[in-house]
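Visitor: Quick one, structure for this:
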Amino acid sequence: MTEIGETGKLFNLAEARELLPLINAVTKSHREMLQPVQERLNRLLSNDPRRASIEREFEQIVSRWKAKVEQLGPSVFGLWVVEFDVGEGCLSWRYPETSLNFFRSHGASYADRQRLSKYIEETDPDWA
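Guide: Numbers count the residues shown, from 1 in each chain. Below you'll find the predicted structure:
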């Protein structure tokens, strides 16, 4: 299992799957906190002077989420996108996906994620 705060952690599939329910809960909680902030931002004009403080609140919630996720070992690839490094790439998860279903090679874009089952079938990696 991942040591809390361990950076540069390489996961295997079982470890990532074991950690995913906690990552999901943390992400869901922070997404729910962010939703009303986002709605307030959407109601304001771009030049509204109140916008700056609401944007700071938005950034603080996202920063807290990112820090909590990274403290558990995975990395954050984008908003609500969490990745578990397996060495040759990452197991890629995005809220509200219910399980780890995608693999992304290092350097590839999010759009280039591929089905995990297909990747495992084709490459038979040690971490699977």
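
Visitor: Assign the residue nearest the centre of the chain to helix, strand or coil.
Guide: Nearest to the geometric centre of the chain sits Val82, at 2.0 Å (CA atoms, centre = their mean). Three-state call for Val82 (DSSP: H, G, I helix; E, B strand; the rest coil): strand.

Visitor: OK, contacts around it?
Guide: Applying CB atoms under 8 Å, 6 or more residues apart in numbering, we find Val82 in contact with Ile23, Thr27, Val69, Pro74, Ser75, Val76, Ser92, Trp93, Arg94. All C-beta spots, glycine's among them, are computed from the backbone N, C-alpha and C.

Visitor: how close does the second one get to Met33?
Guide: Spatial separation of Thr27 from Met33 under the definition CB to CB, to the nearest Å is 11 Å.

Visitor: Looking at those two, which is more packed in?
Guide: Ranked by neighbour count (other CB atoms under 10 Å), Thr27 and Met33 place Thr27 first, with 23 against 16.
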